[in-house]
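In: fold the following for me, if possible:
(one chain, ligands or ions: 1)
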Amino acid sequence: MANYLITGGAGFIGSNFLNACVKKHKEDNYICLDALTYAANLNSLQTIKNCDNFKFIHGNICDKRLVEEIFSTQKIDYVINFAAESHVDNSIKNPSVFIESNVVGTQVLLDASKKFGIKRFHQVSTDEVYGSGEVAAKEDAVLNPSSPYAASKASADLLVLSYKKTFDLPITISRSCNNYGKYQHCEKFIPHMIMLADENKPLTLYGDGSNKRNYLHVDDNVRAIDLIVRKGATGEVYNVGSSNRYSNIDVAKSILKLMGKNQDSISFIEDRAGHDYVYTMDDTKIKTQLGFCPEIDFNDGLTQTVNWYLSNKNQWLVK
Ligand code: NAD
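Out: Below you'll find the model as predicted:
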């Protein structure tokens, strides 16, 4: 039996993680700490909210007093830090909240982990820390973030690694490519495109729509994170990639096709400042060392995701 502190568990990836793990690992307790920012949605925790091994605490990871109280009263063994401001566009408009939640918040959690002692601190990170490029980045590549969001995540990664080197804190980091699936906020690319198509509005893309991303179904990332926390080696970083690389225009067209809408309803707006063209990661390490492989085919996953949003649009496709 172990006690897990899951920060940001009312957000997209955290809630998918909790939905899978609370039911799968009934012997473990999951304590979710979430500030309930605009990006959170408690509907995503509906099916587990009454489980005996689940508890929700409303609060901020930057609140040192609250975080220390949780560590001492809940006897935390594992921390998985999903909590973050996660929307690149917002980080261009207002970087300070990204530094506060993503960097300072991570440091507060690291300090509490050091003070109370833990079995593992896992940081949920992103391929964006490597910056744009076609050369496949291994886990020890130089970090070269472009946006304030990516810079805040890279800063947090460096802090996490420094707590291993300086204090021997048992840490791991996962860096994944773009996740998609249910419970994602409608500001993000795929739900946003579904929302526009459903409202019969033009699907607006940055630049010429050719920027590419690798897509990983959130269920695959959830499996990877659970595997790394349980079987990954202390102090290690693991890239979690996917071979599903599509341009924004490809994804927008696939969504229109799946929804039976006119393929012409795509328009273009001025490109985002500092818009990374593509991220490329080498994910050999998690495959060879932990035997992990993504399982969900992109076309199946996208079909399932479109259908899920259309069935739940009153809760998820609202601004
Ligand atoms: P999200 O925006 O959907 O959810 C973030 C959650 O964190 C929200 O519930 C929010 O309320 C909470 N939160 C934010 N600041 C907080 C704070 N100071 N204290 C407590 N809670 C706070 O994000 P997501 O897409 O689920 O991403 C989760 C993590 O995974 C993030 O760290 C993100 O950088 C990383 N990541 C995301 C993707 C992706 O494609 N979505 C890819 C790679 C990595």
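
In: now do the phi/psi pair for the nearest residue to A252 once chain neighbours are set aside.
Out: Among residues not flanking A252 along the chain, L203 sits closest, at 4.7 Å (CB to CB, 6 or more residues apart in numbering). The way it works is simple: take the backbone N, C-alpha and C, and place the C-beta from them, glycine included. The phi/psi pair for L203 (degrees, to the nearest 10) reads phi -90, psi 110.

In: L203 and S254 touch, don't they?
Out: No. Here L203 does not reach S254: they are 11.1 Å apart, not a contact under CB atoms under 8 Å.

In: number of residues surrounding the closest residue to K64 other than its chain neighbours?
Out: Leaving aside its chain neighbours, K64 sits nearest to V108 (5.2 Å; criterion: CB to CB, 6+ apart). By the criterion of other CB atoms under 10 Å, V108 has 19 neighbours.

In: looking at it, V108 is touching C62, isn't it?
Out: Yes. Judged on CB under 8 Å, V108 makes contact with C62 at a distance of 5.6 Å.

In: residues from this structure in reach of the ligand?
Out: 7-8, 10-14, 34-37, 39-40, 60-62, 82-86, 101, 105, 124, 126, 153, 176, 178-179, 185 (CB under 6 Å from any ligand atom).

In: are any of the residues you listed buried, and which?
Out: 7-8, 10-14, 34-35, 37, 39-40, 60-62, 82-86, 101, 105, 124, 126, 153, 176, 178-179, 185 (16 or more other CB atoms under 10 Å).

In: among those residues, which are in helices?
Out: Judged by DSSP state H, helices contain the following of those: F12, I13, G14, G105, K153.

In: from P145, how far off is the second one?
Out: What that stands for is I13. I13 sits 19 Å away from P145, going by CB to CB, to the nearest Å.

In: same check on the third one?
Out: In this structure, G14 and P145 are separated by 22 Å, where distance is defined by CB to CB.

In: try the fourth one
Out: Using CB to CB, one gets 18 Å for the distance from G105 to P145.

In: same question for the last one.
Out: In this structure, K153 lies at 7 Å from P145, with CB to CB as the measure.

In: return every residue with contacts to both of these two.
Out: Taking CB atoms under 8 Å, 6 or more residues apart in numbering as the contact rule, the neighbours common to K153 and P145 are E128, V129.

In: now the nearest residue to V97 once chain neighbours are set aside. Its backbone dihedrals?
Out: Taking CB to CB, 6+ apart as the measure, V97 lies nearest to E85, with 5.5 Å between them; neighbours along the chain are not counted. Backbone torsions for E85, taken as degrees, to the nearest 10, come to phi -80, psi 130.

In: does E85 touch I99 like I think?
Out: No. Using CB under 8 Å, E85 is not in contact with I99; the gap is 9.2 Å.

In: overlap in contacts of the two?
Out: Each of S152 lies in contact with both E85 and I99 under the rule CB under 8 Å, 6+ apart.

In: how about the stretch 1-150 of the chain: which residue is closest to the ligand?
Out: Proximity of the stretch 1-150 of the chain to the ligand (CB to the nearest ligand atom) peaks at G11, 1.9 Å away.

In: next up, the contacts around that residue.
Out: G11 neighbours (CB under 8 Å, 6+ apart): D34, A39, A40, F82, A83, S86, H185.

In: gap between the closest residue to the third one other than its chain neighbours and L42?
Out: Translated: A40. Leaving aside its chain neighbours, A40 sits nearest to A10 (3.8 Å; criterion: CB to CB, 6+ apart). For A10, the distance to L42 (CB to CB) stands at 6 Å.

In: repeat for N19
Out: From N19 to L42 the distance is 13 Å (CB to CB).

In: go on, L258?
Out: To L42, L258 is 28 Å away according to CB to CB.

In: with neighbour numbers in mind, choose between those two.
Out: With neighbours defined as other CB under 10 Å, L258 and L42 compare such that L258 has more, 17 against 13.

In: show the pLDDT at the more buried one.
Out: Here, the pLDDT recorded for L258 equals 97.

In: for it, what are its contacts?
Out: L258 neighbours (CB under 8 Å, 6+ apart): L302, T303, V306.

In: adding pLDDT, write the residues you listed out as TSV.
Out: Formatted as TSV, these follow (pLDDT from 0 to 100):
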residue	pLDDT
L302	98
T303	98
V306	98
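
In: out of these, who's nearest W316?
Out: Of all the contacts of L258, V306 has the smallest distance to W316: 11.9 Å, by CB to CB.
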